[in-house]
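> prediction below, plus the sequence it came from.
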Amino acid sequence: MDFVSVRVITHDVERLATFWEQVTGLPATRPVPVFAELRTPAGTIAIGAPATIGMLGDAAPVTGQNGSVLLELRVDDVDAAWERVKRLVPQTVPEIVLEPTDMPWGNRSMILRDPDGGLVNLFTPVTPEAKAKYRR
């Protein structure tokens, strides 16, 4: 089995696609107005309007109410990402939840919120063990 993507459902696909482009530096493709995606070497961040999951009816995810998922992206240098991202507050990035911090499991992480309130962790492995775990 291979992980392919995670899809975030939003009422404003363009706003969220722009957020991800500015935070990651990756371009988003927008094949139709209700869908966009950013491809990374490990998988895709997909962004869809509620219309993309309408067939799920009452089982469909509710936009802006994610309280249990944290999207995590490994970056080459979290401190450099911090310097870039902090300039995006508050226009594109509404909130920095955690400035770059060394975690006990060997990563240096910063956590921010996307425009719909979702949490995003940008991290860099810093200890030898963490670097070995994420070696490409």
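Thanks, I have it.
> where in this structure is pLDDT low?
The chain contains residues with pLDDT under 70 at 136.
> for it, what spans make up the strands?
With strands called from DSSP state E, the chain shows them at 5-9, 29-32, 35-39, 44-48, 70-74, 95-102, 107-113, 119-125.
> could you check the angle strand 119-125 makes with the fourth one?
Read it as strand 44-48. Per axes from the mean of the first three to the mean of the last three CA atoms, to 10 degrees, the angle that strand 44-48 makes with strand 119-125 is 170 degrees.
> ok, back up a step: how about TSV for the strands of the chain, with mean neighbour count added?
The C-beta positions use only the backbone N, C-alpha and C, and glycine is treated the same way. Formatted as TSV, the strands of the chain follow (neighbours: other CB atoms under 10 Å):
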stretch	mean neighbour count
strand 5-9	17
strand 29-32	11
strand 35-39	19
strand 44-48	21
strand 70-74	15
strand 95-102	14
strand 107-113	20
strand 119-125	20
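> now those in CSV, with distance to Ala59?
Below are the strands of the chain laid out as CSV (distance: least, CB to CB, whole Å):
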stretch, distance to Ala59
strand 5-9, 12
strand 29-32, 23
strand 35-39, 19
strand 44-48, 15
strand 70-74, 22
strand 95-102, 29
strand 107-113, 26
strand 119-125, 23
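> surely Pro27 touches Leu38?
Yes. At 7.3 Å, Pro27 counts as touching Leu38 under the criterion of CB atoms under 8 Å.
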